[in-house]
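Colleague: coords please:
(2 chains)
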Number of protein chains: 2
Amino acid sequence: MRADVLAAAAGVLMAEGVGGFTVEKVIAASGVSSATIYKHWPSRGALALDGYLHAVGDAIAVRDSGDIRADLEHMVVAFVRMVSRRPEGAVFAQLIGAAQTDQELAAQFDHHYFGPRRREAFALLEATKERGQIDADTDIGVLVDLIWGACYIRLLLPHLTDQLTPAFAREVVAQALSGVLVDTATP
Amino acid sequence: MRADVLAAAAGVLMAEGVGGFTVEKVIAASGVSSATIYKHWPSRGALALDGYLHAVGDAIAVRDSGDIRADLEHMVVAFVRMVSRRPEGAVFAQLIGAAQTDQELAAQFDHHYFGPRRREAFALLEATKERGQIDADTDIGVLVDLIWGACYIRLLLPHLTDQLTPAFAREVVAQALSGVLVDTATP
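Modeller: As a prediction, the model looks like this:
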């Protein structure tokens, strides 16, 4: 049942966007009763998000090779490639938009998506800092927000989405690290 | 007429948020005819944004004193204080959210708000770079997005808004500039 509902939700979402997404359409497409759907998904937004993550996947491209610049580029470029896909990228931005007025969606987003990703990025950068590869004074929370914020602003503010490219992501990582990276080659 | 409509739009928006904002409520509150309102504002979102900017003001806290760190702090802290006000901050985030599915609102936002602000920030940083106070290799577009992106991500992603403080804004500016600022005190 769950897989049928999520596949139907993803289908409606990708075809019609968040604006055209309704629980009624998911009921019609899946054949599952509205009572069952409302029992498992507390809001239209939560159902849409679950459908989205089911379709797009929620694997985190995290690794710790010891080369923080390469590892961050790997994570951020993977994110940029995900949100550059059509219609997935626009739908993702629409879901963040809808979360501004749907507290249930916001909570689900935080629990299933932003929270885990943020913790992974923090853990990677904290480990790098503990190895002495990032300046000891660096605020890791600020560093995470500089890097991902630069990408999210290009995704969410009008007319910047086309400028959210892998090349931009690499430059963001380079510039965000430029003041905090300890050059271990020159002791 | 225009001032009456905008005051009514701002009143509805601040009281009910973007979710409860309708053109009908603005018609009722202003006493202006629906034909007149639809003639001047092409969409619900465009009317809401105009009401918001009318109420909150759209002055840009830009200055070029020669001390780029202080000038950026001035701009970014002014932005953080604006979006920390209630209900103004949440309404601003909701308007960005609504712009993800309202192309007319997105275009108006770009024209009346993001475009001018972005150009001011670019001009300030380009002038600083031309004076040799910022490293010649710096991508000014990336620098602008690092700084404002870090603030917007805390505004827009769930459960980060409380962490969008003036102290955070100052740390963002310091960390974003740390790798690109030319130390003119040590030639």
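
Colleague: let me see the ranges of the helices in chain A.
Modeller: Ranges of helices in chain A, per DSSP state H, are A:2-16, A:23-30, A:34-40, A:44-56, A:68-84, A:88-99, A:103-109, A:115-130, A:140-156, A:166-177.

Colleague: convert the fifth one to CSV, retaining C-alpha atoms only.
Modeller: C-alpha atoms of helix A:68-84 as CSV (Å, rounded to 0.1, in the frame of the first residue of the first chain):
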residue,chain,number,x,y,z
ILE,A,68,37.9,18.3,2.8
ARG,A,69,37.8,20.4,-0.4
ALA,A,70,37.2,17.4,-2.6
ASP,A,71,34.7,15.8,-0.2
LEU,A,72,32.6,19.0,0.1
GLU,A,73,32.7,19.5,-3.7
HIS,A,74,31.4,15.9,-4.0
MET,A,75,28.5,16.6,-1.6
VAL,A,76,27.6,20.1,-3.0
VAL,A,77,27.9,19.1,-6.7
ALA,A,78,25.6,16.0,-6.0
PHE,A,79,23.1,18.4,-4.5
VAL,A,80,23.4,20.8,-7.5
ARG,A,81,22.9,18.0,-10.0
MET,A,82,19.8,16.8,-8.1
VAL,A,83,18.1,20.2,-8.1
SER,A,84,19.2,20.9,-11.7
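
Colleague: tell me the mean pLDDT for that helix?
Modeller: In this model, helix A:68-84 has an average pLDDT of 95.

Colleague: which one is A:S65 nearest to, not counting chain neighbours?
Modeller: A:D71 (5.6 Å; C-beta to C-beta, 6 or more residues apart in numbering or on different chains). (C-beta placed from N, C-alpha, C; glycine too.)

Colleague: thought A:D145 was touching B:E171?
Modeller: No. Here A:D145 does not reach B:E171: they are 9.8 Å apart, not a contact under C-beta atoms under 8 Å.

Colleague: in terms of neighbours, single out the busier of those two.
Modeller: Neighbours were counted for A:D145 and for B:E171 using other C-beta atoms under 10 Å in any protein chain shown; A:D145 has more, 30 against 19.

Colleague: mind pulling the model confidence for the more buried one?
Modeller: If you check A:D145, the pLDDT there is 97.

Colleague: over to the one 10 residues further on?
Modeller: We note a pLDDT of 97 for A:L155 in this prediction.

Colleague: contact partners for it?
Modeller: Contact partners of A:L155, counting by C-beta atoms under 8 Å, 6 or more residues apart in numbering or on different chains, are A:V83, A:G89, A:F92, A:A93, A:T161, A:L164.

Colleague: same thing but at 6 Å, please
Modeller: Listed by C-beta atoms under 6 Å, 6 or more residues apart in numbering or on different chains, the contact set of A:L155 reads A:V83, A:A93, A:L164.

Colleague: let me have those in TSV, extended by neighbour count and distance to chain B.
Modeller: TSV is the format used below for those (neighbours: other C-beta atoms under 10 Å in any protein chain shown; distance: C-beta to the nearest C-beta, whole Å):
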residue	neighbour count	distance to chain B
A:V83	20	12
A:A93	23	5
A:L164	22	10
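
Colleague: low-confidence bits of chain A, can you list those?
Modeller: A:58, A:184-187 (pLDDT under 70).

Colleague: quick one on the thing from earlier: redo the helices of chain A as a markdown table? Include distance to B:H112.
Modeller: Compiled in a markdown table, the helices of chain A are given as follows (distance: least, C-beta to C-beta, whole Å):
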| stretch | distance to B:H112 |
| --- | --- |
| helix A:2-16 | 29 |
| helix A:23-30 | 35 |
| helix A:34-40 | 40 |
| helix A:44-56 | 28 |
| helix A:68-84 | 26 |
| helix A:88-99 | 19 |
| helix A:103-109 | 27 |
| helix A:115-130 | 32 |
| helix A:140-156 | 17 |
| helix A:166-177 | 25 |
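
Colleague: quick one: closest of the ones you listed to B:E16.
Modeller: Relative to B:E16, the nearest member of those by C-beta to C-beta is helix A:103-109, separated by 15.4 Å.

Colleague: can you tell me what sits against the closest one?
Modeller: Around helix A:103-109, the neighbours that count as contacts under C-beta under 6 Å, 6+ apart are A:P42, A:S43, A:G45, A:A46, A:L49, A:A98, A:A99, B:P158.

Colleague: which one of those has the most neighbours?
Modeller: The member of the contacts of helix A:103-109 surrounded by the most neighbours (other C-beta under 10 Å) is A:L49, with 29 neighbours in all.
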